[in-house]
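Participant: Sequence first, then the predicted structure:
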Amino acid sequence: MATTGSAHLGAVDLHCEPNNTEHHTEEIGTERLIVRRGQAFRLSVEFKRPAFVEDKDQLKLFLDTGPSSSEAGRIRIEAVKSTAKRGKWTYNVEPARGILHLTVCSPANACIGLYKMQLLFYPSGGEGLQQVVAGTFYLLFNPWCKEDSVYLADKDLREEYVLNENGIVYRSFCLPLLWNFGQFEKDVIDICFEILDNSLSALKEPSSDALKRCDPSYISRILTAMVNSNDDKGVLSGRWDGEYDDGTPPTKWNGSLPILRKWSSTGAERVRYGQCWVFAAVACTVLRCLGIPTRCVTNYSSAHDCDGNLKVDHYFKSDDCTRTLPSRKDSVWNYHCWVESWMTRPDLPSGFDGWQVLDPTPQERSDGIFCCGPCPVKAIKEGHLDINYDAVFIFAEVNADVVYWFVNKDGTKRELSVKQNQVGTQIVTKSAFSDKRECITLNYKYPEGSKEERDIYNHAGKTIQPTNKQYQSLKVKIKQVYAVLGSDFSVYFEIANYGFVDKDIHMVLSATAVTYSGAILKEFCKRSTKFILQAASEKKEVLRLRYEDYGEHLSEHNLIRLTAMLLTEDMSEVSLKEKEVVLKVPQLAVKVDGEPILHKKLAVQIKFVNPLPIPLTRGVFSVEGSGLTDLQQIESPKATINVGEEVVVTVTITPTKTGLRKLIVDFDSNRLRNAKGFANIIVRRA
C-alpha cells in the first residue's frame, strides 16, 4: 500500500476470500481480488481519526485501468458516491470504530481488465490531503448479472459453460476427447490478459483497445485472431502435414494449460503445433476464464469453401477414375471444431442474441487477418449472410454442395453428381447435464430437403440446382466391421441395379489414407472390374485391407477414405459413394491407488498394451488434470515395446482442489499416437 500526505488512512483489507467466493472466482484463488462487473464487492480501510464526520470528511475513490506503460495512456475513473446502481462506478462508505467499510460496484458494461484503486481523503480539520493506493483487482464479465451482455439465466448452463474446468471435444465420428480447460488455474487469468495485450489492436492503439474491452463481441473477435499465430504474437501455430519434429504433435495435447504457459513463459513465442480442436479448446479456456459462457462445437463433414460460391468441387480423371487435385483449395474436412459463445449483439438488428460462432483456426482472412466471428448461429440457420461477422464462410461450412466432376484428357470436364446433403451432416457439443453428446444440428439448419431449408438457400442467394433429378437405378452401400488400428479388416460394398434392364458396369473400388482435413496421403488399395449386373439384382464385393498395406501411410488421425464408383458402359449413369473410416486405438487403463485427499500424494498406475503387429519405440506417457497435477511426461521404461507387450508406469500426483476432477493420460510413440485414457477422481478434505 502506497500513501502520501498525513496518515489518517491505514491498511486496506480487500476481503479477497469472501469477495471472490461471491463473484464465483474463488477457484482461481483467494490471495488476490478477482471480481465480476455489475456486482458489488467490499473492502475495509483502517481509519486513524477518532471519527469519520459524514458531512465534512471526504473520501474519494479513483480507479485506473488501461495501458500500464504510459501514464498518459491510462484511463482514470472517478467513482460516484451512491448506494444506487447508476450505470457508473459507485461506492458507499459505512464508518465504524477505527474502520471505514466501502462497498464498490462497477457498471454491468464496464471494461474488463486490471484495475488499480486509489483513495483520496480530505479531512474536515484542514489537515493535508492523503492519497492511498488501496490495491489492484481483475474485473471480468459476469454471466450471473442480468444487465451484463453475457448474462446466462440457466444455472446448469453457467455451471457447464463458465465453471467447468474439464470438458469433451468431439473429433472423428463422435469420438470423445477429454480436455483439461483449466481456466481457473491461478496463472491463467494473467495469461489471458497477456494475450489481449499482445493483440494487433492493443499494440497499435492501446487506449482505444482498453476502452473497447467492455464488449464481448470485440473481445471474442480479438481472441479468434490471437489463438492462432498467423498474423500476430498469437498462441498457436497450425500444421496439417504430419511433420511435427520441431514441436508437439496436435494429437498429443490433453489440455490448454501447457500451451498457454509455454506461450507466456517464452515471451509470446508461438507454440508448435495445433489443429482445429486444439485452437477451439484453447479459445474455450480463455473465454471461460474471462467470464464469457463458451462451448466447443464439432461439425462433421465440414466444408472449406474458399471462393464463397457455396460449392466444394471434387475431380476424377475420366480414363482411370483416379481422384485429381483441384487448382483451388476447396475441401470437405472429416470434422471441424469451433466454439460458440453466449452474448447479446447490440451491434446487429434485433433477434441475433445468444450463441455466436467463433472459429480461431486460421482458414481464411477476415478484415485482412486470420480470424472468424462472432457470427450469430441464428443468422446461419436463417441464411442472413450479410450479418457480421463471416456468415458466408460459416454458412458454407454447414451447407455447401459437393459437386463431383470427370476431367477429360483435353481438360474439359463433365459434372457427375451434386450432393446436397453431404456437408454438415451432424453438429454436436458436450451436453451441459452429462458427459454425453448433444446434437445441435437443428440450431444451424432446417432438416435436409425440407421446404424451410430450400427457402433458406434462396434467401442466402443460392440457386438450388435441379441436378440428379433423373432416376438413379444404380446404388452402392459401404459397410465395414469394427476396425482397430493394427488389424486386417474387410470392407463390404453392396451394389444394386434397381432398373428394368441389365447393365454393363465398370466398377472402381479404392481405399485411401487421408488427413482429417481431406488431404490425400496415399491410395493403397484399388480394384477395377467390369461385369454385367442384371436387372433388379444385387452384388457384393469385398476389399480386404491389411495393416502391412495401410499402416505406414496413415496420418495421426488414422483415417481411411473408401470410394466406390459405378459407371455404365455408355457413361449414361454414374453412381458414386464415399465413406471415411476411423481406425480405433485401444484406451489406456488408469487405476488410482489409495484415497484422494487434498494436498496428499496419490499414486496412479497407467497400463498400455501394444496393439500393432510391429514393435514400438520412443514411447512417452503424458499426465495432467486441473486441480490434480500440472503436465507430467514419463518415458516408457521399455525402450522397445514388442507386439502384444504390456507396459506399466506409476505417477504421483498431489491434488490441490476438492471435488470431482479428471486425470487425463496420453501415450505416443514412433508408430502409434493418440492413445488416451482417463480417471474420474473425487478429492476430499482430510
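Facilitator: Alright, I've got the coordinates.

Participant: so how far is stretch 374-384 off the chain centroid?
Facilitator: With C-alpha atoms, centre = their mean, to the nearest Å as the basis, stretch 374-384 stands 19 Å off its chain's centre.

Participant: same question for it, mean pLDDT?
Facilitator: Mean per-residue pLDDT for stretch 374-384: 96.

Participant: Just the CA atoms of that stretch, as PDB, please.
Facilitator: C-alpha atoms of stretch 374-384 as PDB (Å, rounded to 0.1, in the frame of the first residue of the first chain):
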ATOM      1  CA  PRO A 374     -18.600 -13.800 -33.800                       C
ATOM      2  CA  CYS A 375     -21.500 -14.800 -36.100                       C
ATOM      3  CA  PRO A 376     -25.000 -15.500 -34.700                       C
ATOM      4  CA  VAL A 377     -26.000 -19.100 -35.000                       C
ATOM      5  CA  LYS A 378     -29.500 -17.900 -35.900                       C
ATOM      6  CA  ALA A 379     -28.100 -15.900 -38.800                       C
ATOM      7  CA  ILE A 380     -26.600 -19.200 -40.200                       C
ATOM      8  CA  LYS A 381     -29.900 -21.000 -39.800                       C
ATOM      9  CA  GLU A 382     -32.000 -18.300 -41.400                       C
ATOM     10  CA  GLY A 383     -29.500 -17.500 -44.200                       C
ATOM     11  CA  HIS A 384     -28.700 -13.900 -43.200                       C
END
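
Participant: Need the contact partners of it.
Facilitator: Contacts of stretch 374-384 with the rest of the structure, by C-beta atoms under 8 Å, 6 or more residues apart in numbering, involve 217, 220-221, 340-341, 343, 345, 348, 351-358, 385, 387-391, 394-395, 398, 443-446, 456-457, 459-460. C-beta coordinates here come from the backbone N, C-alpha and C atoms, glycine included.

Participant: In ChimeraX, how would I select the buried members of the residues you listed?
Facilitator: ChimeraX command restricting the contacts of stretch 374-384 to the buried ones, with burial defined by 16 or more other C-beta atoms under 10 Å:
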select :217,220,221,340,341,343,345,348,352,354,355,356,357,358,385,387,388,389,390,391,394,395,398,443,444,445,446,456,457,460
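
Participant: Helices - which of the contacts of stretch 374-384 land there?
Facilitator: Here DSSP state H is the test, and the contacts of stretch 374-384 give Ser217, Ser220, Arg221, Ala391, Ile394, Phe395, Val398, Asn443, Tyr444, Ile456, Tyr457, His459 as lying in helices.

Participant: Quick check: the gap between the second one and Val188.
Facilitator: Using C-beta to C-beta, to the nearest Å, we find Ser220 at a distance of 17 Å from Val188.

Participant: for the third one, same thing?
Facilitator: In this structure, Arg221 lies at 21 Å from Val188, with C-beta to C-beta as the measure.

Participant: repeat for the fifth one
Facilitator: Counting by C-beta to C-beta, the separation of Ile394 from Val188 is 28 Å.

Participant: do the same with Asn198
Facilitator: Using C-beta to C-beta, Asn198 is found at 15 Å from Val188.

Participant: Show me which of those two is the more surrounded one.
Facilitator: A count of neighbours by other C-beta atoms under 10 Å puts Val188 above the other of Asn198 and Val188, at 23 against 18.

Participant: Spatially, and excluding backbone neighbours, which residue is closest to that one.
Facilitator: Excluding the flanking residues, the one nearest Val188 by C-beta to C-beta, 6 or more residues apart in numbering is Cys289, at 5.4 Å.

Participant: Same check on Val648?
Facilitator: Lys607 (5.1 Å).

Participant: which SS state does the one you found fall under?
Facilitator: strand (DSSP: H, G, I helix; E, B strand; the rest coil).

Participant: Quickly list what it is bridged to.
Facilitator: Counting by DSSP bridges, Lys607 forms beta bridges with Ala589, Val648.

Participant: pLDDT wise, what is it at?
Facilitator: Confidence at Lys607, expressed as pLDDT, is 98.

Participant: which residues touch it?
Facilitator: Counting by C-beta under 8 Å, 6+ apart, Lys607 has contacts Leu588, Ala589, Val590, Lys591, Glu646, Val647, Val648.

Participant: which of the residues you listed lies closest to Phe137?
Facilitator: Val590 (39.3 Å; C-beta to C-beta).

Participant: Ignoring the adjacent residues along the chain, who's closest to the residue nearest to the spatial centre of the chain?
Facilitator: The residue lying closest to the centre of the chain (C-alpha atoms, centre = their mean) is Ala280, at 1.9 Å. If the residues on either side of it in the chain are set aside, Ala280 comes closest to Cys337, at 4.1 Å by C-beta to C-beta, 6+ apart.
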